[in-house]
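S.K.: Build the 3D model from these lines:
(3 chains)
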Amino acid sequence: MTRYLVRRVGQAVIVLLLVTIIVFGLLHLLPGGPARAILGTMATPTSIKAFNQANGLNHPIPVQYWDWLTKALRGNLGYSYQQNQSVASLLTQRVPKTAFLAGVSVLIALLIAVPVGLYQAVRRSRFDDYLLTVANFGLYSTPAFWLALVLVDLFAVRMHVFPAEAPQGSNFSAIFSDPKGLVLPVATIALVSIAAFSRYVRSSVLDQLSQDYVRMARSKGAGRRYVLTAHVLRNALSPVVTLLGLSLPFILSGTLITEQVFNYPGVGLLFFTACTVQDYPVLLGVILVVGTATVLGSLLADIGYAVLDPRVRYVRAEAAPA
Amino acid sequence: MTSVGEVAATLTPAAGATQRRARLVLDTFLANRAAVAGLVLIVALTLFCFIGPLLYHTNQVTTRLGLEHLAPGSGRPLGTDEVGYDQLGRLMVGGQTSLEVAFGAAAVAVLFGAAWGATAGYFGGLVDGLMMRIVDAMLAIPALFLLLILATIFRPNVGMLILVVGLVAWLVPARLVRGESLSLRTREYVLAAKTMGVRAPTIIRRHIITNCIGTILVNATFQVADAVLLVAALSYLGLGIPPPAANWGSMLSNGLDFSYSGYWWMIYPPGLAIVVTVVAFNLVGDGLRDAFGLARRR
Amino acid sequence: MTTPPGDPGPAAATAPALEVDGLSVDIELRRSTVHAVDGVSLQVHAGESVGVVGESGCGKSTLGLAVAGLLPENTQTTGAVRAGGQPMTGVPDRELRALRGTKVGIVFQDPMTSLNPTKRIGVQVGETLRLQRGVGKAAAREAAAEMLDLVGLPRPRDQLDRYPHELSGGMRQRVVIASALICEPAVLVADEPTTALDVTTQSQILELFDDLRQRLGMALLLITHDMGVVAGHTDRVLVMYGGQEVEMGPTPDLFTAPRHRYTEALLASILHLETARGQALYAISGRPPDLTARFAECRFAARCHEAQADCRAGQPTLTGPDGHEYRCLHPADGTTRVPLTAAPRTAAAGGTP
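M.R.: Got it, this is the predicted structure:
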């Protein structure tokens, strides 16, 4: 267990470092380099030169990277001249809102997807399983942005049940000012996640049901319900923890789209707006934070899985997955 | 070098066996009704987008004031959009761009990803560790975020868009191929080629990549589906190919602006076109994966 | 009906622990029906061991599942199975459940997969007691420790809280056997119990069966594809082919004087100490029959070297003297071509020394 943990954490640290290098690389990939990125498209050659001088951008690249990294580690992610705020303060406003939106949606998705997947596995190859599989497949292939549009068209435009705009306001509690406004954004992310999750749960449970230990349990006089709850469930659901970790990038992408459609003031909308005005300090700050969150998320998921499955605790120590 | 390579090639499974296997894969695939339905859908969609405009003539060049936002009716089965283009005709033309970019991006992603993964898997050890950590790091940045920032840096035209989407999408095939080549590199014919002094790039091309062909093909199919979605998302967010070129994503984006006006024909046809395309490629991908006997995983 | 009256053996006076009477099992698939078991009859007395031998797909595993009351839902059975005096077929699942583990225990091929990887060994061994007898946790744990001791697990008490993957394959199979026997069922079905194990462990497990049979007085149905496994560890052997019994008799008779040509071929295909270096092992050519079909001829005729016109004219019936019956029109005459040994294949796994 300890060896597995050390190895896994070591990997995460390397990946995090590479994420920072990628972000730093993107900064230098920009036409005109970091100065243009920070000063904006209106910068003149003279002002760029002055900026480079003042900010040590004429130093060798590794030195610049080191300066940038130590600043970032201290929470200094740069300044958005377009929003007239530091990137860090923008993020502290926005991150909790996105975390809330994603968290609630994923929770709801799990609460629906796990029973659905379980039910499908138990009813395998029957008509209802077939029907749910087809529905699932359709949903799985539906882009979040179109789903959001359809939900708006149906529930906001035609039925007037839920508003098409999320609650506004810069502080966190503003989210709750109009709970009805949260329904459609949450539904969008939850629906696309349900498709992916229940597909996974179904095949995971089926995989376990075909194992010999299930037949063995039945040979001991266990009923179907007991076999499912006492034996299969834990083995089938512990990998879902890993799935959650792995789905984080997918969920965050969905969040970006949803925030844009519903004008939900989270990280995704911040990022999208920054794209349209080429506000590079914000873009890079968001990428750094989102990348870090994903790496930490999948690390946590792997640790959680190791706690849940005794085999990993012992075996994977030697052969950790790359 | 060629002669040594040829000798090594004779050590790979015989050509007859390969042919038999291909036959078996094809038979299994064709026995899968859902997969065949997917294939039929793909053919139908391609005909619709590329042959359709030859049969159904519409004006997709000059805007026509006075004809905007017309509901479906005779002569315009799907109505008109915000500048008076016929929606059905636009769906065909827009589909051409969507499919071209998706195929292009999938090809870039799979070719680059497979080469990367095979190299990492073949060398193993430190090289593999470093190459795969780079993949991990890029995967940590959600695809849409990476795509948006790349699209912001490189203002896309069609060629650039293919490259940018490919640059985001190559990570998954890289991982899959790497996993397979890790086991392939210990096979006798690879070891034999190595002992004979065949150079690494040749072994990777001739023995590793060719033997991962099932994985690569299956993933390529899924890549097209994913690329359709990514391109549409990008255009939907207004960062795809600039107008007047149309694709399904940008058509939806226009629909969003008028979502309150109840112009359903601007929202549903392009959205359904995307869903049908993605479903079709996913069905074929699932069918291929089962036919190749690969593990159920994406 | 096919079992001759006056069955020999020490326990002949009491009712048999396991009675299979004219059992047929059909498995319904989407487009076809597999007649997996076709009219098999068999009796096993307490303390007795009967081997069931055949190639994969001959119906021997389905027979084992039927005996254990574990046939899947898509099966139709006719005939009867009685274990410990209780009917195991034609009974609703709810009633069958009470008989599983108490009348019949079963051990599967792979001890790696027949134990739940995330449950502690003590819990898994004591599970049947908890389920069937409503025994409390502590008492079940105690009983599990005793049972683990009985199956020869060293330091049984230390093993209770370990997970399956912490044990070797042989030890795991002992744990599986312990969990199948904890309610002292009248019958133990062992379906290829040694196939997944290495050769030394194989013979240890087989000896454990002999030992447990004597101590607990259970009847053992030992299902295997390996003639070497039944050789030293069974009283009688049932040879199955194409879902049917083709031969059954006392183990020594069957090995010294096989009557059915299939049994003869099976014996010729095992490795003996006398097998000369470089001598090719006999392999039965062709494939086992397709059990979705109905047969109008001897099922083995297509692969039989001795097959004649009458073999293809109709299905042979079971004949033979008491205690040794066979389904063959032109049986081997007893002067077998096969060298007579009862050595398990453990002796010569890598060829003759």
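
S.K.: buried residues in the strand or helix carrying A:Ala113?
M.R.: Per DSSP states H and E: A:Ala113 is located in helix A:87-122. Residues of helix A:87-122 classed as buried: A:87-88, A:90-91, A:93-98, A:100-102, A:104-106, A:108-110, A:112-114, A:116-122 (neighbour count, 16 or more other Cβ atoms under 10 Å in any protein chain shown). (C-beta placed from N, C-alpha, C; glycine too.)

S.K.: cool, stretch A:304-311 as well?
M.R.: Neighbour-count burial for stretch A:304-311 [16+ other Cβ under 10 Å]: A:305-306, A:308-311.

S.K.: before we move on, what about stretch A:47-57?
M.R.: For stretch A:47-57, using 16+ other Cβ under 10 Å, the buried residues are A:48, A:51, A:57.

S.K.: give me the element residue 246 is part of.
M.R.: Reading this off chain A. helix A:233-262.

S.K.: ah, I was thinking of chain C
M.R.: In the assignment (DSSP H and E), C:Val246 maps to strand C:244-250.

S.K.: So which elements touch the helix holding A:Ala113?
M.R.: With contacts defined as 3 or more Cβ pairs under 8 Å, 6 or more residues apart in numbering or on different chains; DSSP states H and E, the packing partners of helix A:87-122 are strand A:79-80, helix A:127-140, helix A:180-209, helix A:233-262, helix A:267-276, helix A:280-308.

S.K.: do that again at 6 Å, thanks
M.R.: helix A:180-209, helix A:233-262, helix A:267-276, helix A:280-308 (3 or more Cβ pairs under 6 Å, 6 or more residues apart in numbering or on different chains; DSSP states H and E).

S.K.: show me where the stretch 151-298 of chain B has helices.
M.R.: Assigned by DSSP state H, counting those that start in this stretch, the helices in the stretch 151-298 of chain B fall at B:158-169, B:171-184, B:188-195, B:200-203, B:210-211, B:213-236, B:248-257, B:264-292.

S.K.: for C:Asp191, phi and psi?
M.R.: Main-chain dihedrals, C:Asp191, degrees, to the nearest 10: phi -100, psi 100.

S.K.: same check, this time on B:Cys212
M.R.: Per degrees, to the nearest 10, the backbone of B:Cys212 is at phi -100, psi 10.

S.K.: show me the contacts for it.
M.R.: For B:Cys212, the contact set (Cβ atoms under 6 Å, 6 or more residues apart in numbering or on different chains) comprises B:177, B:180.

S.K.: re earlier: any chance of the helices of the stretch 151-298 of chain B in CSV, plus mean neighbour count and mean pLDDT?
M.R.: Shown next, in CSV, are the helices of the stretch 151-298 of chain B (neighbours: other Cβ atoms under 10 Å in any protein chain shown; pLDDT from 0 to 100):
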stretch, mean neighbour count, mean pLDDT
helix B:158-169, 21, 88
helix B:171-184, 22, 88
helix B:188-195, 16, 82
helix B:200-203, 16, 84
helix B:210-211, 18, 82
helix B:213-236, 25, 89
helix B:248-257, 24, 80
helix B:264-292, 23, 87
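
S.K.: Spatially nearest residue to B:Ile203 (excluding sequence neighbours)?
M.R.: Among residues not flanking B:Ile203 along the chain, B:Ala193 sits closest, at 5.1 Å (Cβ to Cβ, 6 or more residues apart in numbering or on different chains).

S.K.: Quick one: low-confidence residue ranges for the chain.
M.R.: In the absence of a named chain, this looks at chain A. A:1, A:31-34, A:36-38, A:40-42, A:312-322 (pLDDT under 70).

S.K.: that's the wrong chain, I meant chain C
M.R.: If you take pLDDT under 70 as the line, chain C has these spans: C:1-13, C:271-282, C:334-353.

S.K.: For the stretch 101-250 of chain B, which residues are neighbours of chain A?
M.R.: By Cβ under 6 Å from any Cβ of the partner chain, the residues of the stretch 101-250 of chain B that approach chain A are B:132-134, B:136-137, B:140-145, B:148-149, B:152-153, B:229, B:233, B:236.

S.K.: Chain C next: which of those are close?
M.R.: Answer for these near chain C: none qualify (Cβ under 6 Å from any Cβ).

S.K.: Looking at those, which are in helices?
M.R.: Counting by DSSP state H, the part of these found in helices is B:132-134, B:136-137, B:140, B:143-145, B:148-149, B:152-153, B:229, B:233, B:236.

S.K.: Run through the strands of the stretch 101-250 of chain C in chain order.
M.R.: Assigned by DSSP state E, counting those that start in this stretch, the stretch 101-250 of chain C shows strands spanning C:104-107, C:187-191, C:219-224, C:236-241, C:244-250.

S.K.: in its sheet, what does the longest one sit against?
M.R.: Partners of strand C:244-250 in the sheet, by DSSP bridges, are strand C:236-241 (antiparallel), strand C:325-326 (antiparallel).

S.K.: okay if I get the helices of the stretch 151-298 of chain B as JSON lines plus distance to C:Gly59?
M.R.: What follows is those, written out as JSON lines (distance: least, Cβ to Cβ, whole Å):
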{"stretch": "helix B:158-169", "distance to C:Gly59": "50"}
{"stretch": "helix B:171-184", "distance to C:Gly59": "36"}
{"stretch": "helix B:188-195", "distance to C:Gly59": "39"}
{"stretch": "helix B:200-203", "distance to C:Gly59": "48"}
{"stretch": "helix B:210-211", "distance to C:Gly59": "38"}
{"stretch": "helix B:213-236", "distance to C:Gly59": "35"}
{"stretch": "helix B:248-257", "distance to C:Gly59": "56"}
{"stretch": "helix B:264-292", "distance to C:Gly59": "29"}
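
S.K.: To C:Ala178, which of these lies closest?
M.R.: helix B:171-184 (36.8 Å; Cβ to Cβ).

S.K.: Next, the angle from the closest one to helix B:188-195.
M.R.: Here the directions of helix B:171-184 and helix B:188-195 differ by 80 degrees (axes from the mean of the first three to the mean of the last three Cα atoms, to 10 degrees).

S.K.: what does helix B:171-184 rub up against?
M.R.: B:110, B:113-114, B:116-118, B:120-122, B:135, B:138-139, B:208, B:211-212, B:215, B:219.

S.K.: about what we covered before: which members of the buried residues of stretch A:304-311 are the farthest-apart pair?
M.R.: For the buried residues of stretch A:304-311, the maximum inter-member distance is 11.2 Å, found between A:Tyr305 and A:Pro310 (Cβ to Cβ).

S.K.: which residues do the two both contact?
M.R.: Common neighbours of A:Tyr305 and A:Pro310 (Cβ under 6 Å, 6+ apart) do not exist.
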